[in-house]
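*Asks:* fold the following and give me the result.
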Amino acid sequence: MKTLKMIVAAVLLGTVSFGAMAAKEITREEAAKYEKIGVVDTSGQTTDPMDTKAVLSRLADEKGGKYFVVIAAREKGRFSATAEVYK
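*Replies:* Predicted coordinates for the structure are as follows:
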């Protein structure tokens, strides 16, 4: 029983810390002090602008970035966005 509680606590803490490590949206001015490492695109994956931002954050994480700057956004039934990724 004690082991189960420890496993549950570890999973919960891991979930919380994962969210804290998500790439953060910054302004173009802030980006000037970081190194650009690439570009990501959501390609119409979402129907909500906030979900689009979450997808950009996840894609930036996967690319190894800590920050992203949205450089284009489109809506045609679904939302798409393109962002530059920085570390």
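*Asks:* what segments of this structure are helices?
*Replies:* In the chain, the segments counted as helices under DSSP state H are 2-20, 28-31, 49-62.
*Asks:* which of those has the lowest mean pLDDT?
*Replies:* Ranked by mean pLDDT, the helices of the chain bottom out at helix 2-20, with a mean of 43.
*Asks:* what's the distance between the residue nearest the centre of the chain and residue 76?
*Replies:* When CA atoms, centre = their mean is applied to the chain, the residue found nearest the centroid is residue 57 (1.0 Å). Separation of residue 57 from residue 76 (CB to CB, to the nearest Å): 22 Å. C-beta here means a position set from N, CA and C on the backbone, and glycine is covered the same way.
*Asks:* and for residue 44?
*Replies:* From residue 44 to residue 76 the distance is 8 Å (CB to CB).
*Asks:* those two: who's more crowded?
*Replies:* The neighbour count for residue 44 versus residue 76, taken as other CB atoms under 10 Å, is higher for residue 44 (15 against 7).
*Asks:* got the contact list for that one?
*Replies:* Residues near residue 44 by CB atoms under 8 Å, 6 or more residues apart in numbering: 76, 78, 79, 80.
*Asks:* how about a cut-off of 10 Å?
*Replies:* Counting by CB atoms under 10 Å, 6 or more residues apart in numbering, residue 44 touches 52, 74, 75, 76, 77, 78, 79, 80, 81.
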